[in-house]
Structures are given as structure tokens and as C-alpha cells.
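1. pasting the structure only:
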């Protein structure tokens, strides 16, 4: 059998001399390789956590609820009535129409803005 031949070869051979320098070199290279693999794993996990954290923070900062609340608080603290705000918006719209080179893009801007305001009001209710 094959196993018996291998055992006989081991018994018949003289013990080979182990080279300590090559053994230590292989040992150190194996340890360095394991350390690099551990570092790569830890760097990968830490970067994943950072990307996840930045994504969550960006998503929470992009919500419109905070800006609407701040806007309403500003209007209340400045004692601006709805009539004053409406008059300001009317004057702003007239200014934008008069100074615009492309009236259709300005009208599209007004339509989009009005649509977003209506959606925000519906979402708050």
C-alpha cells in the first residue's frame, strides 16, 4: 500500500536538517500576511460604517420638514403676517417675470414651486 511505503521511507531516511533561517523567514512572512489580512478586514469594516453613517446623516439632512419648521418660526418671530408674505411673493413674481429672458422657464419655475409648496402642505396634514 501507499501508506506503508511512505512510513517505510520516513523510517529509512535520516532526519533532514531543518534550516532555521528559511523557517524563520517563512514564519515571519506568514505572520505579516495574516496581519495585512486583519488590517484589510478592519479597514473595510470601518469604511463601511463611515459610508453608512454619512448616508444616514445625508438622508436625514435632506428632509424638507426641518426647513419648513424653521421658515414658519422665522415668520412668527419677525411678526410677518400672511398678507405681508403674500404681497412680497407677488412683488417677487413680478420682478422675476420682468427681468427674465425666457418667460416660459420662469413660468415653469412658478409652477414647480407652487406644486412643491402644495405637496409640503398636504404632507404636513
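-> Right, received. Where do you want to start? All values derive from a computational prediction rather than experimental measurement.

2. Distance from the helix or strand encompassing residue 9 to the middle of the chain?
-> Under the criterion of DSSP states H and E, residue 9 resides in helix 2-12. Mean C-alpha position of helix 2-12 versus that of the full chain (CA atoms, centre = their mean, to the nearest Å) differs by 61 Å.

3. other SSEs contacting that helix?
-> Contacting helix 2-12 under the criterion 3 or more CB pairs under 8 Å, 6 or more residues apart in numbering; DSSP states H and E is no other helix or strand. Just so you know, the C-beta spots here come from the backbone N, C-alpha and C atoms, and that holds for glycine as well.

4. What's the mean pLDDT across it?
-> In this model, helix 2-12 has a mean pLDDT of 76.

5. now do stretch 46-62
-> On average, stretch 46-62 scores 89.

6. Spatially central residue for this protein, please.
-> residue 55 (3.0 Å; CA atoms, centre = their mean).

7. circling back: mind listing what's buried in the helix holding residue 9?
-> Going by neighbour count (16 or more other CB atoms under 10 Å), nothing in helix 2-12 comes out as buried.

8. what's residue 23 sitting at in phi/psi?
-> Main-chain torsions, residue 23, degrees, to the nearest 10: phi -60, psi -50.

9. For it, give its distance to residue 10.
-> 19 Å (CB to CB, to the nearest Å).

10. and what of residue 43?
-> 44 Å.

11. Now do the helices in this protein.
-> For the chain, the helices defined by DSSP state H cover 2-12, 20-61, 65-77, 82-99, 103-124.
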